[in-house]
Structure formats: C-alpha cells, structure tokens
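Colleague: here is a sequence with its predicted model. Questions after.
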Amino acid sequence: MGVLVAVEGLDGAGKATIVAALSRGARARGARVGTLAFPRYDDDVHAALAGEALRGAHGDTGASVHAMALLFALDRRAAREELETLRRDSDLLLVDRYVASNAAYGSARRHETIGPFADWVRATEIERFGLPLPDAQVLVRVPPDLAAQRVRDRAAQQPDRAADGFEADAALQGRCAAVYDALVAEQWLSPWWVSDNRQSGDDALTRTADAILDAVLTDAFAPGSSVRSDTIET
Ligand SMILES: Nc1ncnc2c1ncn2[C@@H]1O[C@H](COP(=O)(O)OP(=O)(O)OP(=O)(O)O)[C@@H](O)[C@H]1O
Ligand SMILES: Cc1cn([C@H]2C[C@H](O)[C@@H](COP(=O)(O)O)O2)c(=O)[nH]c1=O
C-alpha cells in the first residue's frame with residue numbers, strides 16, 4: 001500500500017511543478033509512483049461544474065462557499081476507487097491538491113482560520129465520504145505576490161490558463177496563505193511539511209524534491225517516528 005502524500009499551496013505556488021519533480025526523484029530511487037490531481041476537470045462532472053463556476057457560469061454557484069466546496073468534495077468522493085487502486089499499485093501516491101484545499105480556500109473565503117468550516121470539511125470528506133487520510137501533506141509555500149506573478153506569467157504563455165475567480169482575488173490568496181500556515185501549525189488531518197519554492201531553476205527544483213522525499217519518506221516509512229512540521233531545508 002503506497003504512501004499517500006498530498007501537495008498543497010496557493011494557486012501558482014508550484015504544486016504541479018513539484019509533483020512532477022517528486023515523481024522523477026522517487027522513480028530514480030526505485031519507487032513505484034502514482035499521481036493524481038484535483039480538481040479532475042476532464043474526468044468528473046462535479047469538477048467540471050466547479051471549474052465553470054469559477055469562471056462565472058451556473059448562476060450564484062461560485063458565490064456559495066459550501067456549494068463550491070461540495071463540488072470539489074464530490075469530485076474526490078468519485079475518485080475513491082481510483083485512489084485505492086493507485087495506492088495499491090504504487091509505493092508513493094502524490095496528490096496535487098486534496099481535502100486541505102477545501103479547508104484552506106473555504107475558510108479563507110469565510111474569513112475564518114481553522115474553525116467551523118474546516119471542521120465541516122473534515123466531517124464531510126473524511127467521516128461521511130470515507131476519503132483516506134493523507135499520510136503526509138506538503139505545503140509548497142511562496143509569498144502570495146510571487147504565486148500571483150507566476151499565475152500571470154503562466155496565463156501569458158498558456159491562454160487556456162487565464163486566471164479564474166479565486167486566482168484573480170489577491171485578498172483571498174493572502175487569507176488562504178494564512179489558513180495554510182494555521183493548518184500546518186495544527187497538523188490538520190496528518191503530519192505536514194513545509195517546502196519553500198521561491199527559488200527558480202532546475203537545480204533548485206531537484207534539490208527541493210530530494211529534500212521533500214528525504215523528509216516525507218523517512219517519516220512515512222518509519223511509523224512511530226516523531227513527526228514535525230519542519231520547514232524542509234534545500
Ligand atoms: N520554483 C519556480 N521558479 C520559477 N517558476 C516556477 C517555479 N515553480 C513553478 N514555476 C512556474 O510557475 C507557474 C505555476 O506553477 P504550477 O503550475 O506548478 O503551480 P500550481 O501550484 O500547480 O498552480 P495551480 O494551483 O494554479 O494549478 C508555472 O508556469 C511554473 O512553470
Ligand atoms: C481541489 C480544490 C480546489 N479549490 C480551489 C483552489 C483553486 O483556486 C481552484 C481551482 O483549483 P486549481 O488547482 O487552480 O485548478 O479551486 C478548492 O477550493 N477546493 C478544492 O478542494
């Protein structure tokens with residue numbers, strides 16, 4: 001049964017980039033690696049609806065914090081079997097965004113830190129929908145203005161990645177960064193690790209991925225070892 005590692009962070013923080021580097025790094029170490037990214041816009045109707053609502057479709061759906069969170073949660077619920085299969089067939093399953101994304105964005109939208117909304121996410125997704133707890137969560141942390149710049153640069157290069165409603169909301173991203181820090185401080189759902197992704201360049205990326213793999217795999221493969229929310233040094 002593979003170790004389930006969720007990679008979290010702001011829009012444009014570099015989650016997909018780091019998941020790809022982690023996947024290369026883990027394969028180079030001989031591990032069987034599975035990857036999955038949420039929302040699954042192309043594979044699940046709830047995710048597709050959420051993506052459309054983020055761009056203004058479906059009336060007031062996008063304005064409702066709970067409606068959006070339910071769509072994201074139902075996407076994950078529909079992926080339970082795929083998650084199980086991927087986990088069974090791998091040593092390491094990397095998930096780009098998971099349950100904590102709902103806690104972070106929803107809480108930030110409601111101007112909460114960890115409180116009733118995060119509790120509702122846990123009750124809905126873990127207790128009611130039966131989604132597996134992650135073994136570890138990695139916060140890819142960059143300052144919100146750098147993440148926003150990366151979203152803009154990416155949109156300039158890939159017109160189909162123009163900023164959506166959440167990405168275009170700088171105040172929301174700032175609050176979301178604070179909620180993520182609170183989730184780390186509380187070790188919400190599972191052990192968290194923090195990885196700085198401010199540096200650019202392939203060497204920095206490889207060092208970051210290696211440091212995450214050292215930290216997360218050592219902890220995950222050593223049950224009972226002490227678990228910390230350390231910032232991973234690269
Ligand atoms: N360390 C880095 N230095 C410079 N650019 C980076 C770095 N990491 C990622 N990027 C670039 O920033 C942009 C956003 O990265 P990526 O798509 O991996 O972020 P993400 O967190 O998965 O975003 P989203 O949640 O919006 O899908 C991409 O164009 C990527 O190439
Ligand atoms: C999975 C998930 C996502 N969100 C938010 C985070 C982003 O701002 C958007 C879309 O995600 P993407 O990675 O930029 O494609 O939705 C969320 O609030 N809850 C979730 O579970």
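Modeller: Great, that's in hand. Residues are numbered from 1 along each chain as shown. Ligands and ions are numbered 1, 2, ... in the order given.
Colleague: when you work out contacts or count neighbours from here on, use the C-alpha atoms and nothing else.
Modeller: OK.
Colleague: alongside ligand 2, which residues does the protein contribute?
Modeller: Residues of the chain lying close to ligand 2 (C-alpha under 6 Å from any ligand atom) are 11, 38-39, 69, 72, 97-99, 101-102, 105, 166-167.
Colleague: identify the farthest-apart pair in those.
Modeller: Spatial extent of these (C-alpha to C-alpha) is set by the pair V99 and E167 at 18.5 Å.
Colleague: ok, these two, which is more surrounded?
Modeller: The neighbour count for V99 versus E167, taken as other C-alpha atoms under 10 Å, is higher for V99 (25 against 19).
Colleague: now L71. Nearest residue, chain neighbours left out?
Modeller: Spatial nearest neighbour of L71, excluding adjacent residues (C-alpha to C-alpha, 6 or more residues apart in numbering): H46 at 5.0 Å.
Colleague: now swap in H58 and tell me
Modeller: E52 (7.4 Å).
Colleague: what pLDDT does the one you found get?
Modeller: E52 carries a pLDDT score of 98 in this model.
Colleague: what's the following helix or strand after the helix or strand hosting it?
Modeller: For E52, the enclosing helix or strand under DSSP states H and E is helix 45-54. The helix or strand immediately downstream of helix 45-54 is helix 65-78, counting by DSSP H and E.
Colleague: got the angle between that next one and helix 45-54?
Modeller: If you take axes from the mean of the first three to the mean of the last three C-alpha atoms, to 10 degrees, helix 65-78 sits at 150 degrees to helix 45-54.
Colleague: what residues of helix 65-78 count as buried?
Modeller: For helix 65-78, burial by neighbour count (16 or more other C-alpha atoms under 10 Å) applies to 65-66, 68-78.
Colleague: quick one: contacts for V65?
Modeller: Residues counted as contacts of V65 (C-alpha atoms under 8 Å, 6 or more residues apart in numbering) are 106, 109-110.
Colleague: ok, A16 to F117 distance?
Modeller: Separation of A16 from F117 (C-alpha to C-alpha, to the nearest Å): 26 Å.
Colleague: and these two? Which one has more around it.
Modeller: Using other C-alpha under 10 Å as the criterion, A16 and F117 rank with F117 on top: 22 against 16.
Colleague: quick one, what contacts the spatially most distant residue from the centre of the chain?
Modeller: Going by C-alpha atoms, centre = their mean, the residue of the chain most distant from its centre is G59, 26.8 Å out. Neighbour list for G59: A53 [criterion: C-alpha under 8 Å, 6+ apart].
Colleague: top of the contacts of V65 by neighbour count?
Modeller: G106 (24 neighbours).
Colleague: quick check: which element contains it?
Modeller: Assigned by DSSP H and E, G106 belongs to helix 99-109.
Colleague: three-state assignment of S195?
Modeller: strand (DSSP: H, G, I helix; E, B strand; the rest coil).
Colleague: for G106, see how far away A171 is.
Modeller: Distance from A171 to G106, by C-alpha to C-alpha: 13 Å.
Colleague: what's the longest helix anywhere in the chain packed up against?
Modeller: Longest helix in the chain, counting residues (DSSP state H): helix 202-220. The contact analysis (3 or more C-alpha pairs under 8 Å, 6 or more residues apart in numbering; DSSP states H and E) places helix 202-220 against helix 15-28, strand 192-196, strand 231-232.
Colleague: any idea how far that helix is from the chain center?
Modeller: The chain centre lies 17 Å from the centre of helix 202-220; the measure is C-alpha atoms, centre = their mean, to the nearest Å.
Colleague: what comes up buried for it?
Modeller: Using 16+ other C-alpha under 10 Å as the test for burial, helix 202-220 gives 205-206, 208-213, 215-217, 219-220.
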